[in-house]
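> the sequence and its predicted three-dimensional model are supplied below.
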Amino acid sequence: MIEIRDLHKSFGPLQVLKGVDLTVEHGKVLVIIGPSGSGKTTLLRCFNLLEQPDQGSLALADLKLNFTASGKIPQRSILALRQRTGMVFQSYNLFPHMTALGNVMEGQVTVQKRPKEEARKRGMELLAKVGLADKVDAYPHQLSGGQQQRVAIARAMAVEPEVLLFDEPTSALDPELVGEVLKVIKQLAAEGMTMVIVTHEMKFAADVADQIILMDDGVILEQGTPAEVLEHTTNPRALQFLNRISGEDI
Amino acid sequence: MDDRKIQIFLDSMLPLLKAGVAFTIPLAVVSFILGLLLAVLTALIRLSPWTLPKLIARFYVWIIRGTPLLVQLFIIFYGLPAVGIILDPFIAATIGFTLSVGAYSSEIVRAAILSIHKGQWEAAFSVGMTRGQALRRVILPQAARVSVPPLSNSFISLVKDTSLAATITYVEIFKTAQQITATTYEPLLLYCEAALFYLLFCSVLSVLQNHLEKRLDRYSAR
Ligand SMILES: Nc1ncnc2c1ncn2[C@@H]1O[C@H](COP(=O)(O)OP(=O)(O)OP(=O)(O)O)[C@@H](O)[C@H]1O
Ligand SMILES: [Mg+2]
């Protein structure tokens, strides 16, 4: 479904991704964990080209892109990739001048050119699905963080992406609001949505992931099923990270 | 105040009001609308990656901001005929004020666009929008809200600046007051009366600004 090969990305002299290879199967959930600054966000943003890699390749089904430091990716391919992926941001980034429904309709109407009525209907369905049927007319500032993030998930789903990307979707939330967002994500996983999730929530990761990647310093340190990575790793650096995380978390 | 002065004051009200409604306001409104379009265009060019247009935009802002408006109006109205371009006072004034609003407000618009969090661009891109779509649907509506107070300021300044058009024979409020003074010899009275009309128009604008801000505030907690 998604194949990333030998992905490199630098910011000036700082090498952030140093050759990443991974595959996400259709309908599976890939969770990316790792210490702060290890390149998780950067990697995720390469999936929809919010960051353009310097080297390597990315394929989403039939859409194949090769990156070089100087080569420009055609705008057409960038837009195509972004229409086929959806992203949920740590800080929600809802459009503050639109209602919840407006946010969910926006991509459908502006990008996909769907008739307004159809977009509204789908928007209502999606908001109902994330448990916000009664908030369709609320503006983002009238919603709690957890509600805003659920609107953001509905917005990302609205354009029918083939894969959903999450960057620490709950780390800006008050602890009591984390559950409602994770529940929605788990439900999507159960329905067979292909997802890539960066998170620090280890229990959630173990629960929802088909595959876990542990990043460290721009490379993949460990990769496998939750049990393989979280319980049976022998890599000392991986163990160090997991110990520290479990100390904080549990 | 004696009766004669009161009579002159009352007799002048209608001509001054007419000059305001028929000349000052149209000049201010037309110049502001055109100037705003020019400002948005200039701001967008300055935020674009195109080197030459950027240079031209910067040059334009530099010239307009670095020279007096009065001198610009004189160049347009009294200077251009020397190269065969003869403009009617309204057109000359509109060009002068439009260029001025365009230059000053482009900085306001540019700052407003830059003030929108980059997460808004990214959210727009993430649903597949082009730069143009993101700008039109997501960034400019939010930038517009941010720029209402400073742009209202510009508009109020513009209304007062239109008095400069008197110097290029445009018969607006101030020019009308001058003409009445010439026959009544009451400069203190007439110029104060003219000032009162500017004050009236600007006060109305302030009220409108408040209304506009309230309307636009429905989506933000500010
Ligand atoms: N736009 C940028 N310009 C320069 N450096 C950047 C940029 N984005 C990220 N970096 C740097 O790249 C490195 C990796 O950042 P990234 O955000 O991918 O880490 P992360 O694993 O998501 O960390 P965290 O868990 O704290 O979110 C960091 O050192 C960061 O400072
Ligand atoms: Mg991050």
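Noted; the coordinates are in hand. Ligands and ions are numbered 1, 2, ... in the order given.
> and the next helix or strand past the longest helix seen in chain A?
Ranked by residue count under DSSP state H, the longest helix found in chain A is helix A:175-190. With elements assigned by DSSP states H and E, the helix or strand that comes after helix A:175-190 is strand A:195-198.
> how about the helices in chain B?
Taking DSSP H as the test, the helices found in chain B are B:3-19, B:25-47, B:51-66, B:69-74, B:89-115, B:118-126, B:131-134, B:140-161, B:173-184, B:187-216.
> quick one: list the elements packing against the second one.
Right, helix B:25-47. With contacts taken as 3 or more CB pairs under 8 Å, 6 or more residues apart in numbering or on different chains; DSSP states H and E, helix B:25-47 sits against helix B:51-66, helix B:89-115, helix B:140-161. Quick note: C-beta positions are derived from backbone N, CA and C, even for glycine.
> what does stretch A:65-80 rub up against?
Around stretch A:65-80, the neighbours that count as contacts under CB atoms under 8 Å, 6 or more residues apart in numbering or on different chains are A:7, A:49, A:52-59, A:63, A:81, B:128, B:130.
> kindly recompute the last result at 10 Å.
By CB atoms under 10 Å, 6 or more residues apart in numbering or on different chains, the surrounding residues in contact with stretch A:65-80 are A:5-10, A:46, A:48-50, A:52-60, A:63-64, A:81, A:111, B:125, B:128-131, B:133.
> and the pLDDT for residue B:84?
Confidence at residue B:84, expressed as pLDDT, is 94.
> for it, give me its contacts.
Taking CB under 10 Å, 6+ apart, one finds nothing in contact with residue B:84.
> for residue B:126, same thing?
Applying CB under 10 Å, 6+ apart to residue B:126 gives the contacts A:45, A:48-50, A:82-83, A:85-89, A:93, A:107, A:152, A:155-156, A:159, A:161, A:165, B:119.
> tell me the buried residues within those.
Burial by neighbour count, judged by 16 or more other CB atoms under 10 Å in any protein chain shown, picks out A:45, A:48-50, A:82-83, A:85-89, A:93, A:107, A:152, A:155-156, A:159, A:161, A:165 from these.
> are any of the contacts of stretch A:65-80 buried, and which?
With neighbours counted using 16+ other CB under 10 Å, these contain these buried positions: A:7-10, A:46, A:48-50, A:53-56, A:58, A:60, A:81, A:111, B:125, B:128-130, B:133.
> which of those residues fall within strands?
Using DSSP state E, the subset of the buried ones among the contacts of stretch A:65-80 located in strands is A:7-10, A:55-56, A:58, A:60.
> just the ones in strands from the contacts of residue B:126, please.
Counting by DSSP E, those contribute A:85-88, A:165 to strands.
> tabulate those in TSV, adding columns for pLDDT and distance to chain B.
Conversion of the ones in strands among the contacts of residue B:126 to TSV gives the following (pLDDT from 0 to 100; distance: CB to the nearest CB, whole Å):
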residue	pLDDT	distance to chain B
A:85	96	8
A:86	96	7
A:87	97	4
A:88	97	9
A:165	97	8
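> quick check, nearest of those to ligand 1?
residue A:165 (12.6 Å; CB to the nearest ligand atom).
> contacting residues for that closest one?
Contacts here follow CB under 10 Å, 6+ apart; on that basis residue A:165 touches A:30, A:44-48, A:50, A:85-89, A:156, A:194-198, B:126.
> hmm, 7 Å instead?
Contacts here follow CB atoms under 7 Å, 6 or more residues apart in numbering or on different chains; on that basis residue A:165 touches A:44, A:47-48, A:85-88, A:196.
> kindly report the same for residue A:32.
Neighbouring residues of residue A:32 by CB under 7 Å, 6+ apart: A:40, A:43-44, A:196, A:198, A:213, A:215.
> can you sort out which of those also neighbour ligand 1?
With the criterion set as CB under 6 Å from any ligand atom, the members of those near ligand 1 are residue A:40.
> out of the contacts of residue A:32, grab the one that's most surrounded.
Ranked by neighbour count under the definition other CB atoms under 10 Å in any protein chain shown, these are headed by residue A:43 with 27 neighbours.
> quick check: residues of chain A near ligand 1?
For chain A, the residues found near ligand 1 under the criterion CB under 6 Å from any ligand atom are A:11, A:14, A:16, A:34, A:36-42.
> so which of those residues comes closest to chain B?
Proximity of those to chain B was ranked by CB to the nearest CB; the top entry is residue A:41 with 11.5 Å.
> the nearest residue to the closest one once chain neighbours are set aside: neighbouring residues, count only.
The shortest distance from residue A:41 to any residue other than its chain neighbours is 5.5 Å, reached at residue A:167 (CB to CB, 6 or more residues apart in numbering or on different chains). Residue A:167: 21 surrounding residues under other CB under 10 Å.
> surely residue A:167 touches residue A:91?
No: Residue A:167 is beyond contact range of residue A:91, at 9.3 Å (criterion: CB atoms under 7 Å).
> residues contacting the residue lying farthest from the centre of chain A?
Counting by CA atoms, centre = their mean, the extreme residue of chain A relative to its mean C-alpha position is residue A:117, 28.5 Å from that point. When contacts are counted by CB under 7 Å, 6+ apart, residue A:117 touches no other residue.
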